[in-house]
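Asker: Predicted model and sequence follow; I will ask about them next.
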Amino acid sequence: SKELGIKALIVMPVTTPEIKVDAVRTLGAEVVLHGDNYDDALELTLELAEKEGYEFIHPFDDPDVIAGQGTIAKEIISQMGDTMEAIFVAVGGGGLLAGILTYIKELYPKIKVIGIESEESSCLKAAMKAGERVVLDTVGIFADGVAVKQIGKLPFELIKDQVDEVITVSIDEICAAIKDIYDENRTIQEPAGALGVAGMKKYLQSNPVENKKFVVVNCGANMNFDRLQHIAERTEIGAKREMLLSVGIPEVPGAFLRFCESLGNLMVTEFNYRYANVENAQVFVGVGFPHRDSNRSELLDQLVRRGYAVEDLSDNDVAKLHVRHMVGGRVSSQIENERLYRFQFPERPGALLDFLKHMDPMWNISLFHYRNHGSAYGRVLVGMQVPEGDRALFESFLVKTGYDYFDETENVAYKRFLKPI
C-alpha cells in the first residue's frame, strides 16, 4: 500500500507485541488497537470496512492471501529442489499451510506437509477430528501469532484432505525451539514463529531417520525483549534438560548436603526452602541434566529408594509459574476454607487493576501472586476463603468475571508448599 500510495488501516488486538505495532507504523500504515484477541479485532475491522467503504483483506481466509503465501513453497523448491522428506508449517487460521500445501501437493505430492499448532489453540486438529470447522471454547495466547479460535473456511477446505499430519506442541517445547534457533543462527523467533521447529523435533523423536532433509518455515520474530526471561525459564524443561521436584527431607543439620550427594554429578539449578515443620522440610528443587535423553525416571526411583518423598513438578504450571517464586513457609490452619484458583487475562495497561476490581469483597483473599512476564496474557494465582455454604454462589461469581480460570485447590504443588497446615 505504501508503494502504491494507498491508505492502509490495520486493526490489531491491544495485546499485540509493541515491536510489531511499531514496525507496521514505520511502514506507513495507520494502526488501530482494539480488543483483547483476534476475534475482537476482526469484529471492529468488519464494522469499519462497512461504515467507511474500505476494502477488507482477510489475514488468512482469502484466496489471494493464500496464493501469496503459497509462493513460499515455490521458493523452497527453487532453493532446495524436491529432495526434502517433509515441510513443517505453523498453523493459526490456516492460510500459510493451505498455500504451501496446495502448491506442494499439486506438483510434488510425495513431499509430506505437516501442520504444527500450539496445544493452546489447536483449532485445525479439533476440526480434523470433528470433520468440520469448530470454535474452540478458549484459546491461550502465549503464541499470539496463531491464537485463533476457528480455522479459516477456505483454508480448511484446502487442508483437510491433503495435509499429511497435524502435530501440537506445548509452551515448554516452543520455548526450547526458540533457544534451538538462537543457538543455531543467533536469531530470535517469536513463539508462533518457532512452532515449526518445535513440531519437527517432536516428529523426529517419534520417527527417527538419518540422511533425510526437512524444511521448517520460521514465520515470525515479533517479540518484546522483556518476554525473553520467561521463555528462558521454560526452555530447559521443554528441552528435557531440567526437572522441577518437590522433595521431603528430614529437618536436621546436614540433610541438604546428603540430598545433594544423592544426586551424584547432576547439577542443582534451583533450590527453594523455608522452615515450616520441626520434623520434615519441603524443598523445591531444580535438577539439570547434561542431555535431553537422560533417564529422568531413574533419578526419581533412586531418590525414592533413599527414602525421599519426591514429586515431579516439571509439567505443573502452578509450580512453574507461581510456586517457585513463593516458597517461604506455610501459614497456620487459622486460614480456613481456602480455595486456590489460577486466572488468565489479556495483558495490557491497567489489566491487573481491572482484574482486582472484579474480585468480590464478599470473600477474603488469602493468597495472591502475579508476575508480568512481558507476554500477551497475565497470570494470577489467588487464594480465597470460601465457606462450604457459599460454594455455588462463588462458582457463579467465577463465571461472571469473564476470565479463564482453573481450580488448583488439589494441585500437589499447592498442597506441598502453600496450603495452610
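Answerer: Here it is on my side, so go on. Computed from a predicted model, the values in this text were never measured in an experiment.
Asker: which helices and strands does the top helix by length along the chain pack with?
Answerer: Counting residues, the longest helix found in the chain (DSSP state H) is helix 63-80. Judged by 3 or more Cβ pairs under 8 Å, 6 or more residues apart in numbering; DSSP states H and E, helix 63-80 is in contact with helix 95-107, helix 153-159. Quick note: C-beta positions are derived from backbone N, CA and C, even for glycine.
Asker: Deepest-packed of these, please.
Answerer: Mean neighbour count (mean count of other Cβ atoms under 10 Å) peaks for helix 95-107 among these, with a mean of 23.
Asker: what's the offset of the first helix or strand past that helix going along the chain from the middle of its chain?
Answerer: Later in the chain than helix 95-107, the nearest helix or strand by DSSP states H and E is strand 112-118. The chain centre lies 17 Å from the centre of strand 112-118; the measure is Cα atoms, centre = their mean, to the nearest Å.
Asker: show me where the stretch 251-400 of the chain has strands.
Answerer: 267-272, 280-288, 309-312, 338-346, 365-370, 377-385 (DSSP state E, counting those that start in this stretch).
Asker: Next, format those strands as CSV and append distance to residue 402, mean pLDDT and mean neighbour count.
Answerer: Formatted as CSV, the strands of the stretch 251-400 of the chain follow (distance: least, Cβ to Cβ, whole Å; pLDDT from 0 to 100; neighbours: other Cβ atoms under 10 Å):
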stretch, distance to residue 402, mean pLDDT, mean neighbour count
strand 267-272, 34, 89, 14
strand 280-288, 33, 89, 20
strand 309-312, 33, 94, 16
strand 338-346, 9, 89, 20
strand 365-370, 18, 91, 16
strand 377-385, 14, 87, 21
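Asker: out of the helices and strands packed on helix 63-80, nearest to residue 38?
Answerer: Smallest distance to residue 38 across the helices and strands packed on helix 63-80 (Cβ to Cβ): 12.9 Å, for helix 95-107.
Asker: So which elements touch that closest one?
Answerer: Counting contacts by 3+ Cβ pairs under 8 Å, 6+ apart, helix 95-107 packs against helix 63-80, strand 86-90, strand 112-118, helix 153-159.
Asker: Turn these into JSON lines, columns for mean pLDDT.
Answerer: Listed next are the helices and strands packed on helix 95-107 as JSON lines, based on pLDDT from 0 to 100:
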{"stretch": "helix 63-80", "mean pLDDT": "97"}
{"stretch": "strand 86-90", "mean pLDDT": "98"}
{"stretch": "strand 112-118", "mean pLDDT": "98"}
{"stretch": "helix 153-159", "mean pLDDT": "98"}
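Asker: Make JSON lines from the ones you listed and add distance to residue 275 to it.
Answerer: Compiled in JSON lines, the helices and strands packed on helix 95-107 are given as follows (distance: least, Cβ to Cβ, whole Å):
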{"stretch": "helix 63-80", "distance to residue 275": "58"}
{"stretch": "strand 86-90", "distance to residue 275": "47"}
{"stretch": "strand 112-118", "distance to residue 275": "40"}
{"stretch": "helix 153-159", "distance to residue 275": "57"}
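Asker: among the strands of the stretch 251-400 of the chain, which is nearest residue 33?
Answerer: strand 338-346 (11.6 Å).
Asker: Right, I'll leave it there.
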